[in-house]
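Novice: Quick check, what structure comes out for this input:
(one chain, ligands or ions: 1)
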Amino acid sequence: RSMQLKESVVLFPSVGMGHIIPMVELAKLFIGQGFSVTIVVVEPPVDVSITNAPFISRVSSEYPSISFHRLPKVVSPAASRPPVVVHFETLRLACPHLLDFLKTIRSTSNVRALVLDMFCTSALDVADELGLPSYFFFASGASALAAFLLLPTLQSKLDGNFRDLGSSPVHFPGLPPVPASDLLIHIQERGEANDAIMFHFKRLPKAKGIMINTMEWLEKRAVEALANEDCLPDRSMPPVYCIGPLVANGSNGGEGEGERHRCLAWLDAQPEKSVVFLCFGSMGSFSAEQVKEMAIGLERSGQQFLWVVRSPPPKDDPAARPGARPEPDLEALLPEGFLERTRGKGMVVKSWAPQAAVLAHRSVGGFVSHCGWNSTLEAVSSGVPIIAWPLYAEQRMNKVFLVEEAKLAVAMEWCDKDVVSAEEVEKKIRRLMESEDGKAMKDRAVEAKEKAVAAWKEDGSSSLAWLELVRAVRRVHSYGCNNFY
Ligand code: UDP
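Specialist: Take a look at the predicted model:
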């Protein structure tokens, strides 16, 4: 009976825009292959990032063939635990509901695979219980994956903490040396957060395959290291599929349907590649002091700019997520007279801009970024070089990759200290936008954009990897999951 039903896949992203956006892009690919797609979403315990809900409703109306299924809210883990643990626990506690949902749809759909986010590894057990093949969709790069796979082994050989190693280099196959201080913040010391993350890293090889949002050209050495299983000396790797870059197609981000965000109209009036764009992911924000320094540096750089400014974290709750904060009061936050003086030269947008569309705009010539992987890929796909200002998660590792390996970025110095000075902001922006060195990075970024287009041509590496994945998903009998139906 199941053979007459349309084939379908169920996707399970982690919470947060950086995970949901690329998962939606993956959904579109599956739909292009004739699958129906359900994206299972978990109610975040706290408002982790901005615009989750409006984004989902927009995708639902634009792509009726992607259905979203909201799992019942789980009892929130104690908020006193580290935020990353609360986040992961929420995803783990949602698994029984995921199991119920999959059982419910069993009789009416022909589910071929469960595709999991890298932090949804608890759901591997759900898939196993049902005899359903599971895949990961890894929303960071091949370099990060190579490092993540090896980190549990490295830590087991380490007496103390990674933090004790300071800036000593840590060696991973296929990566440039990574200063220990640039490894993920949460694993710097042992403890609950470290355990929670290592748990996921250890489970990554257990799926039938891992899709990575990257292209072979961009991360050649890391992709080779993964293929050679260099990161897992004593275990075998499932097949890896480099199916990127998958980036949002650049919604216009206006208030109403079909409306364009006013920053895009402003960009229309600027010269080609003249604007530096500053934006820091779905969760990045700065102290009021840092915002002022940025403003001074930007103004002194003399460049055209488009800057997304958020309210600083409240002093009494520094971990509060931007989604839970009011819009910034720009007059109070920015230096006196800044907005008047820079009128015509720059534009400040509150809280959120349609980043993919901004980066794809011909006027944008540089990007000051926190180096989240989606932001990185959006820059790569648009041929825009980066000033790396990493903030959280694996962004410092991405910075090392972008600066040392890909040569697509220059690093903002001292961003691991309290405040980056206006001088440094000015210097790096001038270097990217005005110097010979900046020109070389721009050329390299343009080359990366061409490679991104080529990767998705008919015989491009990502197209071929994608078709191989689709064949594997359709060949379900080889995974012995017939009993699911
Ligand atoms: N984003 C956006 N506008 C903003 C901030 C972020 O559209 O003002 C999008 C950005 O284009 C990217 C995603 O949110 O697709 C952020 O993902 P990324 O992996 O870069 O960072 P994260 O938010 O996960 O730290």
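
Novice: Looks like residue 7 contacts residue 112 (just checking).
Specialist: Yes: between residue 7 and residue 112 a contact is recorded at 5.2 Å, counting by CB atoms under 8 Å. All C-beta atoms are positioned from the backbone trio N, CA, C, and that covers glycine.

Novice: hey, what's in contact with both of these two?
Specialist: Taking CB atoms under 8 Å, 6 or more residues apart in numbering as the criterion, residue 7 and residue 112 both touch 35, 474.

Novice: between these two, who's got more neighbours?
Specialist: residue 112 (23 against 20; other CB atoms under 10 Å).

Novice: Need phi/psi at residue 410.
Specialist: For residue 410, the backbone dihedrals (degrees, to the nearest 10) come out as phi -120, psi 140.

Novice: give me the beta-bridge partners of it?
Specialist: Taking DSSP bridges as the rule, residue 410 bridges to residue 387.

Novice: Show the pLDDT at it.
Specialist: Note on residue 410: pLDDT of 97.

Novice: cool, and residue 28?
Specialist: Residue 28 carries a pLDDT value of 96.

Novice: got the buried residues for the strand or helix carrying it?
Specialist: Residue 28 is part of helix 17-32, with elements assigned from DSSP states H and E. The neighbour-count check on helix 17-32 (16 or more other CB atoms under 10 Å) flags 17-30 as buried.

Novice: and that helix, is it in reach of the ligand?
Specialist: Yes: contact of helix 17-32 with the ligand (CB under 6 Å from any ligand atom) involves 17-18, 21.

Novice: ok, so of the residues you listed, who is nearest the ligand?
Specialist: residue 18 (1.9 Å; CB to the nearest ligand atom).

Novice: Distance of the closest one relative to residue 40?
Specialist: Taking CB to CB, to the nearest Å as the measure, residue 18 and residue 40 are separated by 17 Å.

Novice: same question, residue 160
Specialist: Taking CB to CB, one finds residue 160 at 40 Å from residue 40.

Novice: and if you look at residue 243?
Specialist: In terms of CB to CB, residue 243 sits 20 Å off from residue 40.

Novice: ok so, going back, export the buried residues of helix 17-32 to a markdown table and tack on distance to residue 401?
Specialist: Output for the buried residues of helix 17-32, formatted as a markdown table (distance: CB to CB, whole Å):
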| residue | distance to residue 401 |
| --- | --- |
| 17 | 22 |
| 18 | 17 |
| 19 | 19 |
| 20 | 23 |
| 21 | 20 |
| 22 | 18 |
| 23 | 22 |
| 24 | 25 |
| 25 | 21 |
| 26 | 22 |
| 27 | 27 |
| 28 | 27 |
| 29 | 25 |
| 30 | 28 |
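
Novice: Among the residues you listed, find me the one that's closest to the ligand.
Specialist: Nearest member of those to the ligand, counting by CB to the nearest ligand atom, is residue 18, at 1.9 Å.

Novice: Spit out the contact partners of the closest one.
Specialist: For residue 18, the contact set (CB under 8 Å, 6+ apart) comprises 49, 139, 281-282, 372-374.

Novice: what stretches of the chain score poorly on pLDDT?
Specialist: Flagging of the chain using pLDDT under 70 yields the residue ranges 1-4, 45-52, 235, 250-258, 317-321, 323, 477-485.

Novice: mind checking the longest strand of it?
Specialist: strand 110-117 (DSSP state E).

Novice: ok, the spatially closest residue to residue 168 that is not a sequence neighbour to residue 391 distance?
Specialist: Distances taken as CB to CB, 6 or more residues apart in numbering put residue 180 closest to residue 168, at 5.5 Å, once the chain neighbours are dropped. As judged by CB to CB, residue 180 and residue 391 stand 18 Å apart.

Novice: Between the residues of helix 17-32 next to the ligand, which sits nearest residue 234?
Specialist: Closest to residue 234 out of these is residue 18 (31.6 Å), distances taken as CB to CB.

Novice: ok, the closest one to residue 139 distance?
Specialist: Taken as CB to CB, the span from residue 18 to residue 139 is 7 Å.

Novice: Give me the common contacts of these two.
Specialist: 373-374.

Novice: hang on, the earlier thing: more neighbours: residue 243 and residue 40, which one.
Specialist: Taking neighbours as other CB under 10 Å, residue 243 and residue 40 compare with residue 243 leading, 27 against 22.

Novice: and the protein, which residues reach the ligand?
Specialist: 16-18, 21, 248, 279, 281-283, 308, 352-356, 372-375, 378.

Novice: Sort out for me which of these are in helices.
Specialist: Counted as lying in helices by DSSP state H, out of the residues of the chain next to the ligand, are 17-18, 21, 355-356, 373-375, 378.

Novice: Same list, the residues you listed, but as TSV with distance to residue 407 please.
Specialist: TSV is the format used below for these (distance: CB to CB, whole Å):
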residue	distance to residue 407
17	28
18	24
21	26
355	23
356	23
373	18
374	20
375	18
378	18
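
Novice: which among those gets closest to residue 88?
Specialist: Checking these against residue 88 by CB to CB gives residue 18 as the nearest, at 15.2 Å.

Novice: who touches residue 429 in this structure?
Specialist: 276, 297-298, 301, 303, 366, 368, 387.

Novice: go again using 6 Å as the cut-off
Specialist: 276, 301, 303 (CB atoms under 6 Å, 6 or more residues apart in numbering).

Novice: swap in residue 379?
Specialist: 359, 367, 386.

Novice: count of residues packed around the nearest residue to residue 338 once chain neighbours are set aside?
Specialist: In space, and not counting its chain neighbours, residue 338 is closest to residue 295: 5.2 Å by CB to CB, 6+ apart. Using other CB under 10 Å, residue 295 has 24 other residues around it.
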